[in-house]
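Q: Predicted structure and sequence below. I'll ask about it afterward.
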Amino acid sequence: MKQLFRQKLIVWFKENKRDFPWREQANWYKTYLSEMLLQQTQAVQALPYFHKFISRYPDIASLAAAKEDDILTLWAGLGYYARARNMHKAARIILEKYNGNFPQKWNETLALPGIGAYSAAAILSIAFNKPFAVVDGNVLRVLSRIYAIGDDIRKAAVIKEFQRLADELLDTKQPGDFNEGMMELGATVCLPATPKCDDCPLRELCRAFKDKRQPNFPFKSPPAPKKNIKQFVLLFKNGQRLFVRRRPANGLLARMWEFPVLETEKLSLTKKELQKLLRKEIKLETEISVILNKMTHIYSHIKLEYVPVLITAEKGETEWSETPQKKWLSVPALEESALHGAHKKILTLPAFKKLM
DNA sequence: AATACGGGGGC
DNA sequence: GCCCCAGTATT
């Protein structure tokens, strides 16, 4: 069974694998970069970012030498920004502590920032042929169906069970092809909603297929409800430029740029009510010129509702002075900056464009 | 063991 | 509107 599993999977993978740039003239840097980009991210979405990063930072030394803000700017729009900051830290460790070579021991790899069990196994197996099995969302789906395992994959203990199973099944002679084969199968054939079982090389080995219960697997308990946040987004305008500040070093969208925001219970205020609120909260003589329509932005655990407000500001107040944490930028500069997604979305509004 | 952490694609 | 994605770090 195990031998047949490995052989069918690897033969299928070699014939059916998609072409990706990190699979061409592969080296460990490309494998590493691709794995960081691909965490919780579909391959098609990571693709343009891979090209941008390889072009700008072709090797580990150039990545390590980069400024964090430049890496964050290049990463802007992809999400999970801790990946970018951790990748930068890891690059410096690889350069300094390991002399520019990737550490090939399990414990050393796992100790790098941004690398957990999945990424360690992926990089070591794909780039260095080391016998470690990956368990990602694809592997969970494929194995839960083949073995008809109905345990809740949201639980850490269950993922450990699947890790043991994957370790047993791994083809230790070709660990990279085995791992990539499992993930490729999950990504292109053993799909979440409508699996293409007719095209599956492991069909005869699949318990869920035999029982026609594919949609029952994997089982995942319902997610926690999203927190609701409402805020006004303050677009302070002086000439052609808008005021932005840097977010705190920790938490949501850490160190990304944003327009100042004002949390509120109620988003539907008249201009007069909002003007009064602003005077109380920011203690500056400003004049609201336009209140734009409500917008919504969904994060993994938050539902954000926000109303952009254009405000004319006179420069000269010390609050408006530029520091490393705050500055005035034109719209074209904002578009290319590390302004976070919810606020970049404002720049695309026709109503906003008319005002600038 | 549970929660925080993004944004886009597919149905 | 809901689920998913080549998961990791923190609590």
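A: Looks like it came in fine.
Q: domains in chain A, as residue ranges please.
A: A:2-216, A:227-355 (automatic domain parsing).
Q: Tell me which of the ones you listed sits most buried.
A: Most buried of the domains of chain A by mean neighbour count (mean count of other C-beta atoms under 10 Å) is domain A:2-216; its value is a mean of 17. No exception for glycine: its C-beta is placed from N, CA and C like everyone else's.
Q: Kindly report the residues of chain A close to DNA strand B.
A: A:40-42, A:44-45, A:77-82, A:154-157, A:193-194, A:224, A:251-254, A:297-302, A:340-342 (C-beta under 7 Å from any atom of the strand).
Q: follow-up on the earlier one: could you dump the domains of chain A into CSV and include mean pLDDT?
A: What follows is those, written out as CSV (pLDDT from 0 to 100):
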stretch, mean pLDDT
domain A:2-216, 96
domain A:227-355, 92
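Q: Out of those domains, which gets nearest to DNA strand C?
A: domain A:2-216 (2.7 Å; C-beta to the nearest atom of the strand).
Q: now for that closest one, what's the gap between its first and last residues?
A: 24 Å (C-alpha to C-alpha, to the nearest Å).
Q: where's the closest residue to DNA strand C within the stretch 201-350 of chain A relative to residue A:150, distance?
A: Proximity of the stretch 201-350 of chain A to DNA strand C (C-beta to the nearest atom of the strand) peaks at residue A:220, 4.7 Å away. Distance of residue A:220 to residue A:150, given as C-beta to C-beta, to the nearest Å: 10 Å.
Q: for residue A:295, same thing?
A: Using C-beta to C-beta, we find residue A:295 at a distance of 40 Å from residue A:150.
Q: ditto for residue A:49
A: The spacing between residue A:49 and residue A:150, counted by C-beta to C-beta, is 36 Å.
Q: Could you do residue A:87 as well?
A: Here residue A:87 is placed at a distance of 36 Å from residue A:150 (C-beta to C-beta).
Q: again with residue A:205
A: 18 Å.
Q: give the contact list for the residue nearest to residue A:76 when sequence neighbours are not counted.
A: Leaving aside its chain neighbours, residue A:76 sits nearest to residue A:338 (4.9 Å; criterion: C-beta to C-beta, 6 or more residues apart in numbering). Counting by C-beta atoms under 8 Å, 6 or more residues apart in numbering, residue A:338 touches A:69, A:72, A:73, A:75, A:76, A:255, A:256, A:257.
Q: picking up where we left off before, looking at it, the residue of the stretch 201-350 of chain A closest to DNA strand C is touching residue A:152, isn't it?
A: Yes. Under the criterion of C-beta atoms under 8 Å, residue A:220 makes contact with residue A:152 at 6.6 Å.
Q: Would you map the strands across chain A?
A: A:227-238, A:241-246, A:257-258, A:261-263, A:287-291, A:295-298, A:302-312, A:326-330 (DSSP state E).
Q: So what touches the second one?
A: Read it as strand A:241-246. A:235-236, A:255-260, A:313, A:320, A:324-331, A:334, A:337, A:339.
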